[in-house]
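Student: sequence plus predicted model, see below.
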Amino acid sequence: MPEYKGMVQPQRATPDDMRKIHIEPVPDELKPEKAIEFLDQIRKKFRSFVMAMESCTKCGQCAENCHTYLGTRDPNNIPTNRAELIRKIYKRYFTLEGRWFGKLVGAEDISLDIIEQWYSYFYQCSQCRRCAHVCPFGIDTCEVTFIGRQLLHWLGITPKLHASVGAAMERVGNHTNLPKPGIVDTLEFMSEEIMDEFGVEVEFPVDKPDSDIMYIPSSADFLLNPYTLMGAGMYFTYIGANWTIPSTVTEAGNFGLLFDQYWTQRGNVMRLLNAAQELGIKKIVWGECGHGWRAAKMYIPSLADRPIRWPITHIHDEVADMIRKNELKLDPSKNYKPVTLHDPCNYVRACGLNDNMRVLMRASVSDFREMTPHGMDNFCCGGGSAILFDDPEMYQRRILLSKKKAEQVRATGVGKDGDGILCAPCSICKAQLYPMVEEHELGVEVKGLIDLVGKALVWK
Amino acid sequence: MSAAIVVNGVEIELDEDGFMIDPDLWNEDAAMALAASEGILELTEDHWKVINYLRDYYKQYQIAPMVRKLCQDTGCNLKYIYELFPSGPAKGACKMAGLPKPTGCV
C-alpha cells in the first residue's frame, strides 16, 4: 500500500517506468547524499527558491489559505511547514548557522525518511499559488514543491501517474496514448454529434498543412469532455477559421511543469514548435488546460531553443476578443440552468486569465453565480498539479482536498435543485471534479467553458 | 505491488492497479477472473456487450473510445455503465476488457 510510516503517498513509478523517461533511479543508500548534491545544483539556479528558503518569518498567513491544510488539518500541509521540510535541510547544509548549530536553529540532517516525507507532502500540494498570493513576502511554495519534485524525480521517485504521462507524451504526443487513427475517429464522432444536436456541419481537420490556426486541445477531451471538443470545433467553424489539430501534439498539458522542468517540460515545448513549423501555421491557440496554459504562456519563451514565430493565445482570450468585437452571436438563454465558475488556479493566479472567462460566461449563460471567493482568490479543486491519484488512500485524500471547493459550490446554491452546472475549464479540474461532485453530493454537472459557448452560438 | 492471476493454467501478470500488462493474453475466462476481483459475481449479456465493444475498439485503435461513444454504441447510458461496472467505464469496464489503465487527466 502506498503509505510510508503513517504518511500517504501516491503509487510510484517502477524503476523500468523511470528508465522510460530517462532516469536511472538512485539506490536507496545513495539517495541522501545525492539529494544534497542535486539541491546544491538547483539552489544556485532559482532565486525564487532561495528567497523561499531564506525569508519566511512563520507569520502563519498561509495556513488558513491552503485548501490542503483546511481539508486535512495536517500541520505538515501548512505551506510554510511544507516548505520547512526542505528548508531544514537547506539550512543544515547551506547556511553557516545550520552547519554550526544544527538542530538548535531548526536544521536537520538529510535521511531517507526526510526524502519519503518530501514525496508524501510535495504531492499533496496542488501548486495552486494561493499561499503565494497571501504571503507578505511573496514566498511561493509552488516554487518550493516544483523543486522538491524535481529532486525526487532525479532520485528516481515520481508518481506512476506522472511518469506514465511523461512516457505517453514522448511516445505518441499526448497524455492518454491516443494514436492518430483514434484521434480521427473521435473527431468524426464529434462531427456527427454536432450534426445531431445542433444541426451544424463541423469538420475537425487533423494535420492540415498551411492552416492559419493550430488548435491544441487537451487529450482528456477525447475521452471525457466531448462538449469541450465540440465547443471549440463549433467556434472555429462559426468564425470561418482555417484551423487544424496536430496529431503529433494533441495535448495542451505539459506534466514536465509538475515533475520535471528540465527534460520533460523542455522536450514537450520542442515538440510543439516542431509541429507548428511542419504545418506552416500562423497562430497557436490553446485549449482548456490550466497547468498546460501556464506552461505554454509563461514558460515556452524561456524554454524554446529557437525564436518563436507564432503568437500563442488561449481559446478563452480568442473568444472574448470576438465577443467584444460583436462578431459572435450568443444566446444565453440556451444555457438556462444555474451556473457557477470554478476558476482554475493556473489561469487566475499564474496567467492573468480572469476577466475574459467572465466575458464568455456572461455572454453564454443566463443564470451565472459567482463563488465566494472567486477569481484570483479562488480555492483549488483539490486536484491541482495532477494529484489525481486513484489508489484508495490517495483517493480519500482527494475528497479531503476538495472539501473547501465543495463548500464554495454549495454556498452558491446552483445545485439546490440538482440541475446546476459547475463550469471548470481545465482538464485536471474536470477529472478531479467529475467524481468529487458525486462524493460531496453537490447536485451539479461539471462542464467546460467553451462547452457553454458552443451551446450558446446562434447560427446564421 | 504487481500481482498475477492464473487463468486456465496461464499466469496473467497485472499491474499495481489490477490491469493486465499484456492485453493479448485476454480471454473470456480472464475477464471473469478480473470481474471477480472487482466484486462482480456474474457477467450478464450487457457486461459482455460493453466488454466486447471495448475490445473491438481497442483492437482497431489501440485506445479506449470516448466514454460518450461507448455509451451511444452500446446503448448503455453512463449511469447504467456504473451499475454494471461500479468502478466506472475506465477503471472497471476497461480493466475487465484487458485494456491498459488509462493515463492522463482522466
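Tutor: Right, received. Where do you want to start?
Student: who's in contact with the residue in the stretch 1-150 of chain A that chain B sits nearest to?
Tutor: The stretch 1-150 of chain A approaches chain B most closely through residue A:11 (5.5 Å), counting by C-beta to the nearest C-beta. (Each C-beta comes from the backbone N, C-alpha and C, glycine too.) Residues in contact with residue A:11, defined by C-beta atoms under 8 Å, 6 or more residues apart in numbering or on different chains, are A:2, A:159-161, A:389, A:391, A:394, B:16-17.
Student: ok, 7 Å please
Tutor: Contacts of residue A:11 were listed using C-beta atoms under 7 Å, 6 or more residues apart in numbering or on different chains, and they are A:2, A:159-160, A:389, A:391, B:16.
Student: ok, the lengthiest helix in chain A near chain B or not?
Tutor: Longest helix in chain A by number of residues (criterion: DSSP state H): helix A:180-198. Yes: using C-beta under 7 Å from any C-beta of the partner chain, helix A:180-198 reaches chain B at A:181-182, A:185-186, A:189.
Student: get me the contact residues on chain B for chain A.
Tutor: Chain B comes close to chain A at residues B:16, B:61-64, B:66-69, B:91, B:102-106, as judged by C-beta under 7 Å from any C-beta.
Student: could you measure from residue A:214 over to chain B?
Tutor: 20 Å (C-beta to the nearest C-beta, to the nearest Å).
Student: sorry, wrong one. I was asking about residue A:240.
Tutor: Remark: distance between residue A:240 and chain B (C-beta to the nearest C-beta) = 27 Å.
Student: if we can go back for a sec, by neighbour count, which of the residues of helix A:180-198 next to chain B wins?
Tutor: Highest neighbour count within those, by other C-beta atoms under 10 Å in any protein chain shown: residue A:182, with 26 neighbours.
Student: contacting residues around that one?
Tutor: B:61-63.
Student: rerun that using 10 Å as the cut-off
Tutor: Contact criterion C-beta atoms under 10 Å, 6 or more residues apart in numbering or on different chains gives A:172, A:174, A:176, A:222-223, A:247, A:250, B:57-58, B:60-66 as the residues in contact with residue A:182.
Student: likewise residue A:359?
Tutor: Contacts for residue A:359 (C-beta under 10 Å, 6+ apart) come out as A:316-317, A:319-324.
Student: which ones among these lie within helices?
Tutor: The helices in this structure, assigned by DSSP H, contain A:316-317, A:319-324 from the contacts of residue A:359.
Student: contact partners for the residue in chain B that chain A sits nearest to?
Tutor: Nearest residue of chain B to chain A: residue B:104, at 3.3 Å (C-beta to the nearest C-beta). Remark: with contacts taken as C-beta under 10 Å, 6+ apart, residue B:104 is in contact with A:161, A:164-165, A:168-169, A:174-178, A:218-220, A:222-224, A:251, A:253, A:255, A:386, A:388, A:427-428, A:431.
Student: how about the stretch 51-200 of chain A: which residue is closest to chain B?
Tutor: Shortest the stretch 51-200 of chain A-to-chain B distance, computed as C-beta to the nearest C-beta: residue-wise this is residue A:175, at 3.3 Å.
Student: now do the contacts for residue A:106.
Tutor: A:84, A:87-88, A:91-92, A:97-98.
Student: mind doing that once more with 7 Å?
Tutor: With C-beta under 7 Å, 6+ apart as the criterion, the residues that contact residue A:106 are A:88, A:91.
Student: run a quick neighbour tally on the nearest residue to residue A:315 once chain neighbours are set aside.
Tutor: In space, and not counting its chain neighbours, residue A:315 is closest to residue A:285: 5.4 Å by C-beta to C-beta, 6 or more residues apart in numbering or on different chains. In terms of burial, residue A:285 registers 27 neighbours under the definition other C-beta under 10 Å.
Student: make sure residue A:285 is indeed in a strand.
Tutor: Yes: counting by DSSP: H, G, I helix; E, B strand; the rest coil, residue A:285 is part of a strand.
Student: give me the pLDDT value at it.
Tutor: At residue A:285, the model reports a pLDDT of 98.
Student: please report how far it lies from residue A:316.
Tutor: Taking C-beta to C-beta, to the nearest Å as the criterion, residue A:285 is separated from residue A:316 by 10 Å.
Student: for residue 95, give me its contacts.
Tutor: Unless you meant another one, I'm taking chain A. Taking C-beta under 7 Å, 6+ apart as the test, residue A:95 contacts no residue whatsoever.
Student: actually it's chain B I care about, not the one you picked
Tutor: Contacts of residue B:95 were listed using C-beta under 7 Å, 6+ apart, and they are B:18-19, B:34.
Student: export these as JSON lines, with columns for secondary structure, pLDDT and neighbour count.
Tutor: Conversion of these to JSON lines gives the following (DSSP: H, G, I helix; E, B strand; the rest coil; pLDDT from 0 to 100; neighbours: other C-beta atoms under 10 Å in any protein chain shown):
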{"residue": "B:18", "secondary structure": "coil", "pLDDT": "91", "neighbour count": "16"}
{"residue": "B:19", "secondary structure": "coil", "pLDDT": "94", "neighbour count": "19"}
{"residue": "B:34", "secondary structure": "helix", "pLDDT": "94", "neighbour count": "25"}
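Student: quick one, which residue of chain A lies the farthest from its center?
Tutor: Of all residues in chain A, the one whose C-alpha sits farthest from the chain's mean C-alpha position, using C-alpha atoms, centre = their mean, is residue A:100 at 40.9 Å.
Student: tell me who's in contact with the residue nearest the centre of chain A.
Tutor: Centrality entry for chain A: nearest residue to the mean C-alpha point is residue A:291, 3.0 Å, by C-alpha atoms, centre = their mean. Remark: with contacts taken as C-beta under 7 Å, 6+ apart, residue A:291 is in contact with A:253, A:257-258, A:346, A:385, A:428.
Student: quick one on the thing from earlier: so which of the contacts of residue A:359 is the most crowded?
Tutor: For the contacts of residue A:359, the largest number of neighbours (other C-beta under 10 Å) sits with residue A:319, at 28 neighbours.
Student: isn't that residue up against residue A:361?
Tutor: No: using C-beta atoms under 7 Å, residue A:319 and residue A:361 do not qualify as a contacting pair, with a distance of 10.8 Å.
Student: just the strands in the stretch 301-450 of chain A please.
Tutor: Assigned by DSSP state E, counting those that start in this stretch, the strands in the stretch 301-450 of chain A fall at A:312-314, A:339-341, A:368-369, A:420-423, A:444-447.
Student: and the last one, is it in reach of chain B?
Tutor: No: for strand A:444-447 and chain B, the contact criterion (C-beta under 7 Å from any C-beta) is not met; the two come no nearer than 11.3 Å.
Student: buried residues, that strand. List them.
Tutor: A:444-447 (16 or more other C-beta atoms under 10 Å in any protein chain shown).
Student: would you point out the most distant pair within those?
Tutor: A:444 and A:447 (9.1 Å; C-beta to C-beta).
Student: any residues in contact with both of those two?
Tutor: With contacts taken as C-beta under 7 Å, 6+ apart, residue A:444 and residue A:447 have residue A:421 as neighbours in common.
Student: low-confidence ranges in chain B?
Tutor: Across chain B, residues meeting the criterion (pLDDT under 70) sit at B:1-2.
Student: can you spell out which helices and strands pack onto the top helix by length along it?
Tutor: Ordering each helix of chain B by length in residues (DSSP H) puts helix B:45-61 first. In this structure, helix B:45-61 makes packing contacts with helix A:180-198, helix B:67-74, helix B:78-84, judged by 3 or more C-beta pairs under 7 Å, 6 or more residues apart in numbering or on different chains; DSSP states H and E.
Student: now the ones you listed as CSV including distance to residue A:45?
Tutor: Below are the helices and strands packed on helix B:45-61 laid out as CSV (distance: least, C-beta to C-beta, whole Å):
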stretch, distance to residue A:45
helix A:180-198, 37
helix B:67-74, 43
helix B:78-84, 47
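Student: among the ones you listed, which comes closest to residue B:23?
Tutor: Distance to residue B:23, taken as C-beta to C-beta, is lowest for helix A:180-198 among the helices and strands packed on helix B:45-61, at 14.9 Å.
Student: next one: the closest one to chain centre, how far?
Tutor: 26 Å (C-alpha atoms, centre = their mean, to the nearest Å).
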